[in-house]
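K.L.:
Model the structure of this input:
(chains A, B, C and D)
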2 protein chains.
Amino acid sequence: MKTRTRSETSRGEPIPSGATVLEVAAAAGVSPSTVSRILNGTARVSEEKREAVEKAIEQLNFKPNLLAQSLKRGHSMTVGVLTQAVDSPFFNESLKGIEDGLAGTGYAPLIVSGHWNAKEEAERVGLLMARRVDGIIILTGHMTDEDIILFSHHVPIVATGHVFEAAERASAIRLNNEMGGYMATHHLLELGHRTIAHIAGIADHPDAIERLAGYRRALEEAGIPFDPDLVVQGDFRESGGVVGIAQLLERSRLFTAIFAANDQTAYGARLALYRKGIRVPEDVSLIGFDDLPASVYTTPPLTTVRQPVYEIGRMAARVLLDLIAGRPGSLQLPQLELVIRETTTRLR
Amino acid sequence: MKTRTRSETSRGEPIPSGATVLEVAAAAGVSPSTVSRILNGTARVSEEKREAVEKAIEQLNFKPNLLAQSLKRGHSMTVGVLTQAVDSPFFNESLKGIEDGLAGTGYAPLIVSGHWNAKEEAERVGLLMARRVDGIIILTGHMTDEDIILFSHHVPIVATGHVFEAAERASAIRLNNEMGGYMATHHLLELGHRTIAHIAGIADHPDAIERLAGYRRALEEAGIPFDPDLVVQGDFRESGGVVGIAQLLERSRLFTAIFAANDQTAYGARLALYRKGIRVPEDVSLIGFDDLPASVYTTPPLTTVRQPVYEIGRMAARVLLDLIAGRPGSLQLPQLELVIRETTTRLR
DNA sequence: TTGTACGCGTTATCAT
DNA sequence: ATGATAACGCGTACAA
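P.N.:
From the prediction side, this is the model:
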């Protein structure tokens, strides 16, 4: 019969007990410093003491107190992540990228939400700093670039959805959203559409503004005058798409295609169209922006401009790690990509 | 002109500087203990010193180092959350509930992922313990109940998707999944369906097993013999729904309705049916389980059994807070609820 | 190679 | 009411 000498899970994972280096040292008959040395491989230790200590560690299920370690070493092995909403598929794609980018580095993400509120965002970042995170990733939001730079004087920061020039300890990861808006609209134009509506994103968000600019540039290039009646305000969420379609329909412009500022907006638009008995893509073509995982499973699957959200998160993590380590932190991002599925079709 | 005496954001949020109580004490001409007393309101302090200290705090932008506080006080004001996938809408609904349940309490969630892997889950929980979280919320997963009880000897735990009896410092939040499976199937039966397929969840997951049991009970009650050919294995994800439909169709049973083990499975099934030109709900009725936010926006909107995922997260947080405070921690959960939308219809 | 003593930043105890 | 001192658990300079 196998004797269970220490508490462990059914699969053999030891369960940390809360023992301290002192107790381990006492049990092994050595000094605490020797235990520390063995733990960190910071100096040579005689074989017999090493064995004694390792045995004691195992028997006591000792795991170093990361709080104490952090206090002593001056870093917490934690990176703060400011997201806007934990229930948003868009942000969570990035979160997954961050998680993967951090995997195996010993760093753990501490996630807080800003809810698109500049004041709340700043307060959350302050919280992260009080917890002495070693770096912060900011996923878009409404804080000003100046504020971010200000914060970065105290802790390295990587931000997405912001446009500031890279500073000493601050990097902005940006995609060419203007180009994305252009690509989406251009795709529609190529299919023969001439009356193309746009449901925009959050009013003052740089991404939203740029996508709209791309939409206008494509139109202009095709010699089609910009019609403000074809553009309605959205909010990057499904509900904005629903409302947007309602408004568009009220204005009684006969659009044949819609460019939604993001996929979630497109989902809402899709539903509103369905409610009105307007078929996609037979009656109206619909294109989104982001390529969320769910867009593969809509009916019909959504044509969209793929934004490498996951990769952005992953890259943000790597760049932040660079910044923390005092390295320059270069970034090379994948490009936007048109993903043609089944919600867009040639105008009959 | 307003003089800016200290560094702050454009909206007036002060930026923590990393000053210590010692520096504040020096600047105010008092002892560190007095500063601490004022910070924590732990004893009466003369008005003049209070003012001096508060001024020093403001000028230095002092914020207490939570790491040091935690070490000293013996608790970290952090609760660990073991989720399975940060990119899953299901788990993120709960995460949102947890976030809200923790709001205003000073506790912050530290989120780690187990990826449905018992070994990884145990390892992650160990990590959380090393970081000295004050409690842990486990969102389903594959760890055994015994392991969870074992962990709970060292730190309070609230778990969902597990069935163990409440222990001293461990609570399991469960819904009646069997009833849910029954409700879904019963709804289909009421609509006149007699050949009802089921795409199951993860093979050995208690929730999946119970939902299947509910399906069987409803069938039995209606006097319909159970047909194993109508049940295929899924995995709680969209891909499982796609594969499930393919298998079902191969078996050439002429089902008129489908009960998918969860909404994501239903999404996949919906797409597979669309690909085959099978209309929902005209040709086949489809019902899911969970009522994810996205289910409102599918075309057509998905009929499903609403599981109060958000409330579960919120409740988990409150119960854990109780456990941490040494209170009993009672739970009273909202019930499952049939949400009839547009993917189910009466059999012609 | 090993141990002692100190400091990380905070709070609690004990004097005064 | 206030200050000096010890302690939380760990890592490390220094001494041996």
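
K.L.:
State the number of residues packed around the closest residue to DNA strand C within the stretch 151-300 of chain A.
P.N.:
Residue nearest to DNA strand C within the stretch 151-300 of chain A: residue A:154 (13.1 Å; Cβ to the nearest atom of the strand). C-beta: built from backbone N, CA, C; applies to glycine. Counted with other Cβ atoms under 10 Å in any protein chain shown, the neighbours of residue A:154 add up to 17.

K.L.:
With residue A:153 instead?
P.N.:
Number of residues near residue A:153 (other Cβ under 10 Å) recorded here: 14.

K.L.:
what are the phi and psi values for it?
P.N.:
With angles defined as degrees, to the nearest 10, residue A:153 sits at phi -70, psi -20.

K.L.:
dump the residue contacts of the residue of the stretch 151-300 of chain A closest to DNA strand C.
P.N.:
Shown in contact with residue A:154 (Cβ atoms under 8 Å, 6 or more residues apart in numbering or on different chains): A:129, B:15, B:16, B:17, B:18.

K.L.:
Neighbour-wise, which one of those residues leads?
P.N.:
Neighbour counts for these (other Cβ under 10 Å) peak at residue B:16, which has 24 neighbours.

K.L.:
Residue A:24 looks like it's in a helix, true?
P.N.:
Yes: under DSSP: H, G, I helix; E, B strand; the rest coil, residue A:24 falls within a helix.

K.L.:
Kindly report the residues of chain A close to DNA strand D.
P.N.:
Contacts of chain A with DNA strand D, taken as Cβ under 7 Å from any atom of the strand, map to A:18, A:20-22, A:32-33, A:36-37, A:39-40, A:42, A:62, A:64-65, A:68-69, A:71-73.

K.L.:
Give the buried subset of those as a ChimeraX selection command.
P.N.:
The ChimeraX selection below is limited to those of these classed as buried (16 or more other Cβ atoms under 10 Å in any protein chain shown):
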select /A:20,21,36,37,39,62,64,65,68,69,71
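
K.L.:
The residues of chain A next to DNA strand D also near DNA strand C: which ones?
P.N.:
Here is what survives when these are matched to DNA strand C using Cβ under 7 Å from any atom of the strand: A:32, A:33, A:37, A:68, A:71, A:72.

K.L.:
quick one: residue A:211 and DNA strand D, what's the gap?
P.N.:
Counting by Cβ to the nearest atom of the strand, to the nearest Å, the gap from residue A:211 to DNA strand D is 48 Å.

K.L.:
Flag the shaky bits of chain A, pLDDT-wise.
P.N.:
A:1-6, A:11 (pLDDT under 70).

K.L.:
all helices of it, in order?
P.N.:
In chain A, the helices defined using DSSP state H lie at A:21-28, A:32-40, A:47-60, A:66-73, A:89-102, A:118-130, A:145-152, A:177-190, A:206-221, A:238-250, A:263-275, A:309-325.

K.L.:
Tell me which residues are up against the second one.
P.N.:
Identification of contacts with helix A:32-40 by Cβ under 8 Å, 6+ apart yields A:21-22, A:24-25, A:28, A:42-43, A:45, A:49-50, A:53-54, A:57, A:64.

K.L.:
and that helix, how far from the chain's centre?
P.N.:
The chain centroid and the centroid of helix A:32-40 are separated by 38 Å under Cα atoms, centre = their mean, to the nearest Å.
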